[in-house]
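In: just a sequence and a predicted model for now, questions to come.
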Amino acid sequence: MKAEIIIIGAGMAGLMAGRILSQAGRDVLILDKGRRIGGRMASRRDVGLLFNHGAQFVTAHSPVFSALCDRASDKGIIEKWPLSGRDNGYSGRPSMRDIASFVGANLTVQQEAEIAHITQSQNSFILQSKSGETYHCQHLLLSAPAPQTEILLRDLAPKLAKVAGLAGYAPCWTVMAELHQPPEGLRAVIKEEGILGWASLEASRPSASPSGAVTLQANASYSERFLESPPEQVIKDITAAYQEAQNIQTLKWGYQRAHRWRYAKVVKPAPPDAPFMEKFSAGLLALAGDWHPASATPGKLASGARAEEALLSGYRAALEILSGLAD
Ligand SMILES: Cc1cc2nc3c(=O)[nH]c(=O)nc-3n(C[C@H](O)[C@H](O)[C@H](O)COP(=O)(O)OP(=O)(O)OC[C@H]3O[C@@H](n4cnc5c(N)ncnc54)[C@H](O)[C@@H]3O)c2cc1C
């Protein structure tokens, strides 16, 4: 398969880059190893329940993302969610993945395409997927999390691989669970209590259907310490912490699943002046992703821990590619 520009990763960074490049008339193909679009803007439907088990809400500070949020809001895809605790905090209505789908609308995205190896010839990059497919492109943008980007670029682009090696993430154990007959008066959102980093009733999101679905996320220190623990133990610890935070010991639990995010939120972004593009004989090679974030507020350093900064890094990389192509 062939495209002028291939983007690895269909998260907020890759989708925003794809949006800008295809709006500029470029031929873009996005490859993603996951089953669904969105990366960590993740939602899961199971046994009739909807869980948002990745990013909980997005905040809009920059003109670029605020304008997108306004458009998504006009279309009824997102809504301000006061329970996020932020004036400019939005939830999907009610699925967070829908925000990513909105950013990536009309793009060509191939899911379940995990790129395992990248080389270059004189005039193209050659990508090999884990399942044995080959892709060719003239320009390439990587938006996978830093550890995966570092591995993919080690031989091809050691300087950029080194930049990826500077970034660091905290993990996050997340439990998706159902409460049978949730008692009146449960707190809808709990933040930073005990080992909980975040817990919310999914029914408290804008336009959500009534349900007993709760999403519980452990804080970084618990997730780090118990990263390799069996999911059953993690479910036990996190649901117990939730009961304690709600001050009710007799909640009736149904469906329970744990999901481990090995790379959840950036705790150490790449330095702001680190390069994110290199010229090869084949073409341009660019980087994006929350680990190499672009600031949403002028004069303020990006932390990398927010979806908006990931999206803006994709925006920045796309503009840089377009300006490289105009040279
Ligand atoms: C539990 C949790 C809670 C969070 N809470 C918030 C929050 O409340 N607010 C907020 O703003 N942010 C939050 N975040 C952070 C936010 O989700 C991320 O910063 C943002 O979504 C990252 O976007 P991205 O495009 O950089 O990366 P990703 O979304 O990770 O996208 C990268 C994509 O690359 C793909 N990929 C990786 N390797 C390959 C490969 N070899 N071949 C092909 N595809 C590949 C992956 O499948 C993935 O889809 C949270 C994250 C987590 C995990």
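Out: Perfect, thanks for sending it. Numbers count the residues shown, from 1 in each chain.

In: alpha carbons only: can I get stretch 97-117 in CSV?
Out: Provided in CSV are the C-alpha atoms of stretch 97-117 (Å, rounded to 0.1, in the frame of the first residue of the first chain):
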residue,chain,number,x,y,z
ARG,A,97,-13.9,8.4,21.8
ASP,A,98,-16.4,10.5,19.8
ILE,A,99,-14.1,13.5,20.3
ALA,A,100,-11.3,11.6,18.5
SER,A,101,-13.7,10.4,15.8
PHE,A,102,-14.8,14.0,15.3
VAL,A,103,-11.2,15.2,14.9
GLY,A,104,-10.5,12.3,12.5
ALA,A,105,-13.7,12.5,10.5
ASN,A,106,-13.3,11.6,6.8
LEU,A,107,-9.7,10.5,7.2
THR,A,108,-8.4,7.2,5.9
VAL,A,109,-7.5,5.2,9.0
GLN,A,110,-6.5,1.6,9.0
GLN,A,111,-6.9,-0.1,12.4
GLU,A,112,-5.1,-3.2,13.6
ALA,A,113,-2.0,-2.3,11.6
GLU,A,114,0.9,-2.4,14.0
ILE,A,115,4.1,-1.1,12.4
ALA,A,116,7.1,-3.2,13.6
HIS,A,117,9.9,-1.9,11.4
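
In: give me the buried positions along that stretch.
Out: Within stretch 97-117, the residues that count as buried by 16 or more other Cβ atoms under 10 Å are Arg97, Asp98, Ile99, Ala100, Ser101, Phe102, Val103, Gly104, Leu107, Val109, Ala113, Ile115. C-beta: built from backbone N, CA, C; applies to glycine.

In: again with stretch 35-55
Out: 36-44, 49-55.

In: beta partners of the residue lying closest to Trp81 once chain neighbours are set aside?
Out: Spatial nearest neighbour of Trp81, chain neighbours left out: Ser91 (3.9 Å); criterion: Cβ to Cβ, 6 or more residues apart in numbering. Here Ser91 shows beta-bridge partners Glu79, assigned using DSSP bridges.

In: can I assume Ser91 is in contact with Ile77?
Out: No - assessed by Cβ atoms under 8 Å, Ser91 is found out of contact with Ile77, at 10.3 Å.

In: give me the more crowded residue out of those two.
Out: Neighbour count, other Cβ atoms under 10 Å: between Ser91 and Ile77, Ser91 has more, with 28 against 18.

In: quick check: Gln138 touching Ala282?
Out: Yes - using Cβ under 8 Å, Gln138 makes contact with Ala282 at a distance of 6.8 Å.
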